[in-house]
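Asker: structure for the following, please:
(one chain, ligands or ions: 1)
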Amino acid sequence: MTIRVLVNGAQGRMGQIAIQAISQQADFSLVGQTGRQDNLAHAIKQYHAQVVVDFTQPDAALQNTRTILDCGANPVIGTTGLLPEQIHTLQQHSKALRRGGIIAPNFSIAAVLMIKYAREIAHYYPHVEIIEMHHDGKLDSPSGTALYTAEQLATNLSAECLSTSKARETIPGARGASHHHVPIHAVRLPGLVAHQQIIFGGQGETLTLRHDAIDRQCFMGGIVLACRKVQGLTELVYGLECIMNKL
Ligand SMILES: NC(=O)c1ccc[n+]([C@@H]2O[C@H](COP(=O)([O-])OP(=O)(O)OC[C@H]3O[C@@H](n4cnc5c(N)ncnc54)[C@H](O)[C@@H]3O)[C@@H](O)[C@H]2O)c1
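Answerer: Numbering: from 1, shown residues only. Next up, the predicted model:
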């Protein structure tokens, strides 16, 4: 039995490369490619799509995920920019329908490992900041990966350890944004793809974890894995590690 996959945002940078990766899998059948001009609900029904991969844009992700669930398919959402309360609402909706899916701010297995080990390091080195760097076409700042990293770090940071820098900002924003009290600095430049550093500071030392996506191929292993596993889920999970057995 092949899994019938539809890609939404098919003309975009991620959509194009996801289509290639999905087309190469013997157990997948790429049944549809949709974009801004298409009616997603209509396409899912017309092509009997079982799994829908979404790489569109932040302001479309909420409605697209809802549409996919309502049409009886399992969503694999790579689009970033969903707010925590929007993710929560979608999770409640998925639970009510008993239909699973995944929202993953980063489908790179190396990036997921970086976040996993950073969470461990935060036990010992609670002073931490994030610098994320992306191409200048990225619509959301900070990145979904940086927000997710801050959330994961915060689970291992006690209240008294959370960033308490007293530095006065001569220019507002100089110390970056703050998510769960973890400072995040966002760089946008042509020439970049997707990069992140997590810097821990201790007495007389620093420790830096860094991930560089230099080619969007790095996200394909995670996307293919998600398409294979998502039909077995009964809830909408957040983060690729939720479906990676060895993590
Ligand atoms: N999760 C991950 O691992 C990961 C990796 C890279 C990028 N991303 C995210 O994926 C998303 C897409 O990135 P990209 O670089 O491919 O962007 P892009 O701008 O190249 O492509 C987005 C495509 O979606 C289409 N689109 C916009 N709104 C739509 C809608 N409502 N319905 C259907 N199609 C619509 C656009 O026309 C465009 O073709 C971004 O949110 C980005 O941050 C996630």
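Asker: regarding stretch 97-113, how distant is the last residue from the first?
Answerer: Length of stretch 97-113, first residue to last, C-alpha to C-alpha, to the nearest Å: 31 Å.
Asker: near the ligand, anything from that stretch?
Answerer: Yes. Remark: stretch 97-113 sits within contact range of the ligand at 104-107, by C-beta under 6 Å from any ligand atom. C-beta: built from backbone N, CA, C; applies to glycine.
Asker: wait, isn't Thr104 in contact with Ala226?
Answerer: That one is not Thr; residue 104 is Ala. Yes. With contact defined as C-beta atoms under 8 Å, Ala104 reaches Ala226; the gap is 6.6 Å.
Asker: intersection of neighbour lists for those two?
Answerer: 76, 240 (C-beta atoms under 8 Å, 6 or more residues apart in numbering).
Asker: if I read this right, Gly101 contacts Ile77, doesn't it?
Answerer: Yes. Judged on C-beta under 8 Å, Gly101 makes contact with Ile77 at a distance of 6.9 Å.
Asker: which neighbours do those two share?
Answerer: Jointly contacting Gly101 and Ile77 under the rule C-beta under 8 Å, 6+ apart are Thr65.
Asker: still on that earlier bit, between the residues of stretch 97-113 next to the ligand, which is nearest the ligand?
Answerer: Among the residues of stretch 97-113 next to the ligand, Phe107 lies closest to the ligand (C-beta to the nearest ligand atom), at 3.7 Å.
Asker: how close does that closest one sit to Ala146?
Answerer: The gap separating Phe107 from Ala146 is 15 Å, by C-beta to C-beta, to the nearest Å.
Asker: the residue in the chain that the ligand sits nearest to: how many residues sit nearby?
Answerer: In the chain, the residue that lies nearest the ligand is Gly12 (2.0 Å; C-beta to the nearest ligand atom). For Gly12, the neighbour count with other C-beta atoms under 10 Å is 18.
Asker: ramachandran angles for the residue nearest to it when sequence neighbours are not counted?
Answerer: Leaving aside its sequence neighbours, Gly12 sits nearest to Phe55 (C-beta to C-beta, 6 or more residues apart in numbering; 5.7 Å). Main-chain torsions, Phe55, degrees, to the nearest 10: phi -130, psi 80.
Asker: the chain should start at 90 in everything you say after this.
Answerer: Done: numbering now begins at 90, and the last item shifts to Phe144.
Asker: how many residues are close by Phe144?
Answerer: By other C-beta under 10 Å, 25 other residues sit near Phe144.
Asker: walk me through the domains of this structure.
Answerer: 92-196+306-332, 198-303 (automatic domain parsing).
Asker: rank the ones you listed by pLDDT, which is bottom?
Answerer: Of all the domains of the chain, mean pLDDT reaches its minimum on domain 198-303 (a mean of 93).
Asker: need the distance between the two termini of it.
Answerer: End-to-end distance (C-alpha to C-alpha), domain 198-303: 14 Å.
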